[in-house]
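Engineer: show me how the following folds:
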Amino acid sequence: MKLARRLFCSLLLACVVGSVAAADLGSARPESVGMSAQRLGRLTTEMKALTERGELPGVVTMVARKGKVVHFEAAGKRELEAGTPMQKDSIFRIYSMTKPITGVAMMLLFEQGKWQLNDPVSKHIPEFADLKVAKVDPANGSVKNVEPDHPMTMRELMSHSGGLTYGFFGGTAVDKMYGEQKVFDQTQPMQTMIERMAKVPLLFQPGERWHYSLSVDVQGYLVEKLSGQPFPEFLQEHLFGPLQMVDTAFHVPPAKMNRFVEFYFRGKDGKTVKHPGIADYSKPPVFPSGGGGLVSTASDYMRFCQMLLNGGELDGRRILSPLSVKLMRTNMLPASAPTMGPGTGFGLDFAVVEDPAAAGGYGGEGTYFWGGYAGTWFWIDPVYELIVIGMIQQRGDDMPDLRALSRSLTYQAIVEE
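Structural biologist: Coordinates of the predicted model:
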């Protein structure tokens, strides 16, 4: 009986371990999907060289084409002080790469008819009903509040064109008000952010231009309000669970702390030190930031990206309609608004390449992308059926342009379209 019990427990443990192991996409030889292994090897070589030269502590890169992983490499150190090597399953703070995940959560509710693109945001957040717009006198810097041309819409909220700001990336009068009101105080719940934000005028007229902001943290609040579920719970039930994103969450449990990558800062003197003032990820946060709160792995984020490239489906589980994914990667900025950069617009929580030649040369029209504060980056190219993910944890001076470098080193490896 004891032996039978031990066998049963062993089998049960095996099932549990198997259920929480990272789910992998199928891998393939690069040649089988129209890429050159020899040329793709340049990406591996250059990433390793960056760590050996001390320009990066460590890096994980992952490339998939036509639904198959053709490159998955780790180089350098997870922690410099202990000399711990970077591993493929290392866990990273993805910061603003949280935003597209929050956007997908919003689109799940869009498909349920919970909101519409042209809804005033105040329809769903009554606290925003009386938002004004700041008009600054250039002569003396005084601020006068004026009425908005129209109420901020959900479309504008999801494309960073509604007039919100961050409060710490800029030095405008409105940014200073965000700081004075402690709008983005992560020791307080999301409701407090909404109440404090409602006291501050918009930076500009809704729809006037693109400006990076707390818009996606507002969306995280909206997911809770429209779904009736706590934001982390909604993501786990509707995204992370179905997609088997087993290492993506708002905190890192004790059993996974040995995989959590240290965050570094590289100074002008070339020295790399631990980044100061980093949040505690060892426990669930009071404020689960929809704009930058998640941790993840390259494998987990690849599953999320592959779902989008597949038109909303992965491994037989449909998350979104193909039409919803198409809507997310459609430029939402009005023609009168300045673009983000040459050939680039902005959809619903993604940047979108409208003119590849103007945007940098490589890539297909409609490629969508974003990155994170600690240097992580990704893009999804629907024309070449390509996904590229890069994970690092470093900020500072003289940082290599990893998105541009990886773009060159990846696209040059495509030998058959």
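Engineer: contacting residues for residue 167?
Structural biologist: 175, 178, 179, 183, 184, 214 (Cβ atoms under 8 Å, 6 or more residues apart in numbering). No exception for glycine: its C-beta is placed from N, CA and C like everyone else's.
Engineer: now do 7 Å
Structural biologist: 175, 178, 179, 183, 184 (Cβ atoms under 7 Å, 6 or more residues apart in numbering).
Engineer: then residue 362?
Structural biologist: So residue 362 contacts 356, 407, 408, 411 (Cβ under 7 Å, 6+ apart).
Engineer: can you check residue 415 too?
Structural biologist: Contacts of residue 415 by Cβ under 7 Å, 6+ apart are 34, 35, 36.
Engineer: tell me where the stretch 1-150 of the chain has helices.
Structural biologist: Assigned by DSSP state H, counting those that start in this stretch, the helices in the stretch 1-150 of the chain fall at 2-20, 37-52, 98-111, 121-124.
Engineer: mean pLDDT lowest where, among the ones you listed?
Structural biologist: Among the helices of the stretch 1-150 of the chain, helix 2-20 has the lowest mean pLDDT, at a mean of 37.
Engineer: surely residue 410 is in contact with residue 62?
Structural biologist: No - when contacts are counted by Cβ atoms under 7 Å, residue 410 is not listed as touching residue 62 (10.7 Å).
Engineer: okay, these two: which has more neighbours?
Structural biologist: Per other Cβ atoms under 10 Å, whichever of residue 410 and residue 62 has more neighbours is residue 410, with 27 against 24.
Engineer: confirm the more buried one sits in a strand?
Structural biologist: No - with DSSP: H, G, I helix; E, B strand; the rest coil as the criterion, residue 410 is helix rather than part of a strand.
Engineer: and the residue lying closest to residue 29 once chain neighbours are set aside, what does it touch?
Structural biologist: Distances taken as Cβ to Cβ, 6 or more residues apart in numbering place residue 37 nearest to residue 29, at 6.6 Å, with adjacent residues excluded. By Cβ under 7 Å, 6+ apart, the contact set of residue 37 is 29, 30, 31.
Engineer: residue 344 now?
Structural biologist: Residue 344 touches 351, 352, 353, 354, 359, counting by Cβ under 7 Å, 6+ apart.
Engineer: gap between the residue nearest the centre of the chain and residue 344?
Structural biologist: The residue lying closest to the centre of the chain (Cα atoms, centre = their mean) is residue 97, at 1.1 Å. Per Cβ to Cβ, to the nearest Å, residue 97 is found 17 Å from residue 344.
Engineer: same deal with residue 101?
Structural biologist: The value you get for residue 101 to residue 344, if Cβ to Cβ is used, is 21 Å.
Engineer: and residue 93, by the same measure?
Structural biologist: Taking Cβ to Cβ, one finds residue 93 at 25 Å from residue 344.
Engineer: which residues are contacting the top strand by length along the chain?
Structural biologist: Determined from DSSP state E, the single longest strand within the chain is strand 68-79. Residues from elsewhere that reach strand 68-79 (Cβ under 7 Å, 6+ apart): 25-28, 30, 33, 35, 40, 43-44, 47-48, 51, 56-64, 83-88, 90, 261-262.
Engineer: so which of these are in strands?
Structural biologist: Short answer: the contacts of strand 68-79 in strands (DSSP E) are 58, 59, 60, 61, 62, 63, 64, 84, 85.
Engineer: sketch out the low-pLDDT regions of this protein for me.
Structural biologist: 1-23, 339 (pLDDT under 70).
Engineer: just the closest of the contacts of residue 167 to residue 308, please.
Structural biologist: residue 184 (27.7 Å; Cβ to Cβ).
Engineer: gap between the closest residue to that closest one other than its chain neighbours and residue 295?
Structural biologist: Among residues not flanking residue 184 along the chain, residue 167 sits closest, at 5.6 Å (Cβ to Cβ, 6+ apart). Going from residue 167 to residue 295 by Cβ to Cβ gives 23 Å.
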